[in-house]
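# kindly generate the corresponding structure for this input.
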Amino acid sequence: MSRSDTSVQMAGLSTANPKHVLHQSEVARRAGELFGGALPSFERLRPVYENAEIETRHSCVPIEWYKEVHGFGERNRLFIENAVDLLEEAALAALDKTGRTVDDIDGIIAVSTSGIATPSLDALLMERLALRRDVERLPIFGLGCAGGVVGLARAAQMARSQPGKLYLFLVVELCGLTFRSRDFTKSNVIATALFGDGAAAALIGTGVEGDATLLCAGEHTWADTLDVMGWDVTDDGLSVIFSRDIPTHVRTMMGSAMHAYLQREGLSLDEHRHFLSHPGGAKVLDALEEIFELPEGGLKQSREILRNFGNMSAVTVLFVVEAAIREGLKGRALLSTLGPGFTAGFLSMDLT
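Modelled structure (predicted):
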């Protein structure tokens, strides 16, 4: 997506979370009970719960669910049920904020990577909300944490190519359902300290009076990095892949990718007043603050969302944008994220 004379706006950004709240102190205690006797290195890993700088997260299942063994079928059934419920809540809130109705929607884009649905989530929500039968549908799977920014860029491209049409942009991730109680890998332990569940929705279109104007976007996928982040598909679910080198990758590679994006679009870092980043983790935010030439703690909204909601994969950056809008921030903002591929996503917007 590059800038053009056709202005694309985002309006009605709304978020939703499931009802169960996980307190990090309780998660750490239960993780100790679960892993302590089976994983000799757990005591060395225990500080991850405090160092994550997370206080609470939301889950679509109660904390007792996580100590039990569950198959892929049960996990995916819970994913579909809860994902559609959360998307409905967020979508209706977005419509209510903008004074629109379901009949105004011309297309629907649904981003998710933490479960599988065929018919896809957009089709299921289309039936739930009784959308028009001629609505365009685009499900996007596999972008992981990059899905919020890259998916938003795709939605803006669609809106720009068809002026006057209104698109419902949706993101949902239920990462908590991927936790496997018999997986004693370091990556699984770290996931228990990071992941939460959430959803977001917004309306995207031209000529819409919204909260932000979407200007341009870009991405960069590095060579030989397929093993940095993702899922392994196992008999009992999705097993998380985390490289310990992610913060190092951010420090050594993210800056050049960002500056290449800015140069392509004729932009500069200085003209961006706000930096709204996906909070993959506290160490990643530390590295990003260095790249953006910000003081320690400068990514205020990202740290706030990480503290209160954890890492909700693709959804999280939209919570960060919503926080910026709620605070009344104005001017140019740079969205950034990292996801499987290993891919960086960037999007520049003007908060209005």
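# any idea which helix is longest in this structure?
helix 72-98 (DSSP state H).
# so which elements touch that helix?
In terms of contacts (3 or more Cβ pairs under 8 Å, 6 or more residues apart in numbering; DSSP states H and E), helix 72-98 is packed against strand 8-16, helix 121-129, strand 166-174, strand 197-206, strand 237-242. From N, CA and C alone the C-beta is placed, and that goes for glycine too.
# wait, isn't Ile109 in contact with Ala156?
No: counting by Cβ atoms under 8 Å, Ile109 stays clear of Ala156, with 10.0 Å between them.
# and what about the most centrally placed residue in the chain, helix, strand or coil?
Nearest to the geometric centre of the chain sits Ala314, at 1.8 Å (Cα atoms, centre = their mean). Here Ala314 is recorded as helix under DSSP: H, G, I helix; E, B strand; the rest coil.
# what residues are shared contacts of Ile109 and Ala156?
Common contact partners of Ile109 and Ala156 (Cβ atoms under 8 Å, 6 or more residues apart in numbering): Ile204.
# which one of those two has more residues nearby?
Taking neighbours as other Cβ atoms under 10 Å, Ile109 and Ala156 compare with Ala156 leading, 27 against 23.
# report the inter-axis angle for the strand or helix carrying that one versus strand 166-174.
Taking DSSP states H and E as the criterion, Ala156 maps to helix 147-161. Going by axes from the mean of the first three to the mean of the last three Cα atoms, to 10 degrees, helix 147-161 is angled at 170 degrees with respect to strand 166-174.
# in contact with Ile109, which residues?
Counting by Cβ under 8 Å, 6+ apart, Ile109 makes contact with 122, 138-140, 151, 154-155, 158, 167-170, 204.
# which SS class is it?
Applying three-state DSSP: Ile109 is strand.
# can you tell me how far it is from Asn51?
35 Å (Cβ to Cβ, to the nearest Å).
# just Gly142 next, same as before
Taken as Cβ to Cβ, the span from Gly142 to Asn51 is 29 Å.
# before we move on, what about Gln263?
Taking Cβ to Cβ, one finds Gln263 at 35 Å from Asn51.
# likewise Gly310?
As for Gly310, its distance to Asn51 is 13 Å (criterion: Cβ to Cβ).
# which one's more surrounded, those two?
Each of Gly310 and Asn51 has its neighbours counted (other Cβ under 10 Å); Gly310 has more, 30 against 12.
# surely that one meets Phe195?
Yes: between Gly310 and Phe195 there is a contact under Cβ under 8 Å: 6.1 Å.
# so for the two, which residues contact both of them?
In contact with both Gly310 and Phe195: Arg57, using Cβ under 8 Å, 6+ apart.
# what's the angle from the helix or strand of the chain with the lowest mean pLDDT to helix 72-98?
Within the chain, no helix or strand scores below strand 237-242, which has a mean of 74 by mean pLDDT, DSSP states H and E. Relative orientation of strand 237-242 and helix 72-98, computed by the same axes, to 10 degrees: 70 degrees.
# name the helices or strands packed onto strand 237-242?
Secondary-structure packing of strand 237-242 (3+ Cβ pairs under 8 Å, 6+ apart): helix 72-98, helix 186-194, strand 229-234.
# need these in TSV (columns: distance to Arg57).
Shown next, in TSV, are the helices and strands packed on strand 237-242 (distance: least, Cβ to Cβ, whole Å):
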stretch	distance to Arg57
helix 72-98	14
helix 186-194	8
strand 229-234	19
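# weakest of those by average pLDDT?
Mean pLDDT across these is lowest at strand 229-234; the value there is a mean of 79.
# which elements pack onto that strand?
Using 3+ Cβ pairs under 8 Å, 6+ apart, strand 229-234 is in contact with strand 237-242.
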